[in-house]
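A.B. asks: Sequence first, then the predicted structure, then my questions.
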Amino acid sequence: WDLPLVIDVGAGLGADARYYLRQGFRVVAVEANPSALDRALSDPGTKPYLLSGQLTVLNAAIAGPDAGNGGDAKSSFWVLAQRPEQSKAVSWIAADGGVEVSVRTTRCADLLRV
């Protein structure tokens, strides 16, 4: 790729990623919350960028630099079905209907290899 690269960590619902894609950047969007990622990918403007390879999406959490090579490491947090843009790393969110999810982790340095 000759396009400049943007790494969107915590892509959420994808607004920033879509902005940079329209500006001609290649984007690696990283989002741990699968509900937010599903919503971002359902935007009709996203599909052409996925098909062309200009957009790469990772459903993962960012691990610290001492986390080894990532691999089988997981991170857990709570999500609210009615608020896909929100997730919390605290268990009290379960009292509001939050569901615990667990996703793989990746290191920031590994994102440059995508």
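C.D. replies: Cool, the structure landed.
A.B. asks: So what touches stretch 45-58?
C.D. replies: 1, 3, 11, 14, 17-18, 21, 26-31, 37, 40-41, 106, 111, 114 (C-beta atoms under 8 Å, 6 or more residues apart in numbering). To be clear about C-beta, it is placed using only N, CA and C from the backbone, and glycine gets the same treatment.
A.B. asks: what about 7 Å?
C.D. replies: 3, 14, 17-18, 21, 26-30, 37, 40-41, 106, 114 (C-beta atoms under 7 Å, 6 or more residues apart in numbering).
A.B. asks: what do you get for stretch 78-90?
C.D. replies: Taking C-beta under 7 Å, 6+ apart as the rule, stretch 78-90 contacts 12-13, 32-33, 35-36, 39, 77, 91, 93-94, 96-101.
A.B. asks: re the thing from before, most neighbours among the contacts of stretch 45-58, which one?
C.D. replies: When neighbours are counted by other C-beta atoms under 10 Å, Ala29 leads these with 28 neighbours.
A.B. asks: can you pull up the bridge partners for the most centrally placed residue in the chain?
C.D. replies: A centroid search over the chain (C-alpha atoms, centre = their mean) returns Glu31, at 1.4 Å, as the residue closest to the centre. Beta-bridge partners recorded for Glu31 (DSSP bridges): Asn59.
A.B. asks: Let me see the contact set for it.
C.D. replies: Going by C-beta under 7 Å, 6+ apart, Glu31 touches Gly10, Ala11, Gly12, Leu37, Ala40, Asn59.
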